[in-house]
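[1] Quick one, structure for this:
(2 chains)
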Protein chains: 2
Amino acid sequence: MEQLSIIIEGSARHVHVTREDLETLFGAGYRLHNKRELSQPGEFLSEEKVRVEGPRGAIDRISILGPERKATQVELSLTDARVLGLTPPIRESGQLAGSAGCRVVGPAGAVELTEGAIIAKRHVHVTPEDAEAYGLKNRDIVSVRVEGERALTFGEVVVRVSPTFCTRMHLDFDEMNAAGLSGETTGTVIVG
Amino acid sequence: MEQLSIIIEGSARHVHVTREDLETLFGAGYRLHNKRELSQPGEFLSEEKVRVEGPRGAIDRISILGPERKATQVELSLTDARVLGLTPPIRESGQLAGSAGCRVVGPAGAVELTEGAIIAKRHVHVTPEDAEAYGLKNRDIVSVRVEGERALTFGEVVVRVSPTFCTRMHLDFDEMNAAGLSGETTGTVIVG
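    Numbering: from 1, shown residues only, chains lettered A, B, ... in the order given. Purely as a prediction, here's the structure:
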């Protein structure tokens, strides 16, 4: 079977927020302002930025991605986590039980998270059409190979199939840098 | 043939210096002070640290590794390079022609490098005994696989065989973080 060639995008550190936490951070009644649509339909980069603090340090100007979510979540790279002095687990988005705590600071107030900071577990978003065409099922574990001077094969990549997705792989900047990638690039999904 | 299991060590950003540049940075007649032996015989972490400056930023307290060398060389991760605003090529140690310039600052003076900053090309140091036992030759290109939640296979790894080596792989911290590694760990060398 032909192999799926997938577009890879670098995903910078970012925060998702609940409406309640958004209002604590930016003021009562505040709503996110859409700066740019992202590749996943409905997701957007907002104009709002926050500071994230850990026991060892802080990182300023981290973008909030919209829309609002059911839980506030801070997605970091391991490099970021070391700057902050956090040891977040490697998790899929939304799986926050027992993840790392940190403090999120906005212009109107701060939120103390007892959990919410994670390192994103590698995954690919796949449309049902691409999944069928390339023999992939939701929750399959695959590898993704990128070529070049720093060729890498990423293992333990979870396949997530949904009609609300656009077929894409997101890597954090530790992963992008380890592979010597910048900008948009392409990888090959390897099954088995 | 059995596969070579190789010890992997994280290699932080560092600088190698000529005697002349060492004296410019630290003063006439200055010599490096050995703080700790490294795994490669004769190499050591010195007590001396310098600041490296690029067009966009600077990084302080970068260690000098000894002994002195024939050319001053700054080995960075891509994350570091972006902080500094440099675009160093991916090179083997010592292959500095056309590499990136930067400024190195010590307590007694500064050195303007027109070239010398590189991102280390992936390589493994192998003893002649291990090379023979595992069917590896100097300059072979292999892959190295590490397991775990962030399992990765590093491609385009150059084999360097020398009786002055200890069998080791060194990764920068972008690569260590992309693979979720910390401390000393082990990978498997895959030939072909």
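[2] Up against chain B, what does chain A have?
    Residues of chain A lying close to chain B by CB under 8 Å from any CB of the partner chain are A:77-79, A:90, A:119, A:121-122, A:143, A:148-156, A:173-175, A:177-180. C-beta: built from backbone N, CA, C; applies to glycine.
[3] Could you break chain A into its assigned domains?
    Domain ranges of chain A: A:5-9+A:122-191, A:12-120, per automatic domain parsing.
[4] if we compare these, which one ends up closest to residue B:166?
    The closest of the domains of chain A to residue B:166 is domain A:5-9+A:122-191. By CB to CB, the value is 23.8 Å.
[5] Quick one: end-to-end distance for the closest one.
    This stretch, domain A:5-9+A:122-191, spans 12 Å end to end (CA to CA, to the nearest Å).
[6] And the average pLDDT for it is what?
    Domain A:5-9+A:122-191 carries an average pLDDT of 95.
[7] what sits against the residue nearest to residue A:107 when sequence neighbours are not counted?
    Nearest non-adjacent residue to residue A:107, counting by CB to CB, 6 or more residues apart in numbering or on different chains: residue A:26, 6.3 Å away. Counting by CB atoms under 8 Å, 6 or more residues apart in numbering or on different chains, residue A:26 makes contact with A:48, A:106, A:107, A:108.
[8] So which of the residues you listed is the closest to chain B?
    residue A:48 (23.8 Å; CB to the nearest CB).
[9] looking at it, the closest one is touching residue A:64, isn't it?
    Yes: using CB atoms under 8 Å, residue A:48 is in contact with residue A:64, at 4.6 Å.
[10] and those two? which has more neighbours close in?
    residue A:64 (26 against 22; other CB atoms under 10 Å in any protein chain shown).
[11] Name the surrounding residues that touch the host helix or strand of that one.
    According to DSSP states H and E, residue A:64 maps onto strand A:58-66. Contact with strand A:58-66 is made by A:12-17, A:22, A:32, A:34, A:38, A:43-46, A:48-52, A:74, A:80, A:83-84, as judged by CB under 8 Å, 6+ apart.
[12] Please check those and keep the buried ones.
    Among the contacts of strand A:58-66, the ones that count as buried by 16 or more other CB atoms under 10 Å in any protein chain shown are A:13-17, A:22, A:32, A:38, A:44-46, A:48, A:50-52, A:74, A:80, A:83-84.
[13] Now for residue A:88, how many residues are close by?
    Residue A:88, neighbours per other CB under 10 Å, totals 25.
[14] Okay, and the beta partners of the residue nearest to it when sequence neighbours are not counted?
    Once flanking residues are discounted, residue A:88 sits nearest to residue A:100: 4.0 Å by CB to CB, 6+ apart. In this structure, residue A:100 bridges to residue A:117 when assessed by DSSP bridges.
[15] In chain A, what residue spans correspond to helices?
    For chain A, the helices defined by DSSP state H cover A:19-26, A:78-84, A:128-134, A:173-178.
[16] Save those helices as TSV, and put in distance to residue B:113 too.
    Formatted as TSV, the helices of chain A follow (distance: least, CB to CB, whole Å):
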stretch	distance to residue B:113
helix A:19-26	44
helix A:78-84	25
helix A:128-134	48
helix A:173-178	22
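[17] and these, which is most packed in?
    helix A:173-178 (a mean of 26; mean count of other CB atoms under 10 Å in any protein chain shown).
[18] For residue B:13, see how far away residue A:7 is.
    Distance, residue A:7 to residue B:13, by CB to CB, to the nearest Å: 31 Å.
[19] ok, now residue A:49?
    Residue A:49 is 28 Å from residue B:13, by CB to CB.
[20] again, but for residue A:162
    For residue A:162, the distance to residue B:13 - CB to CB - is 41 Å.
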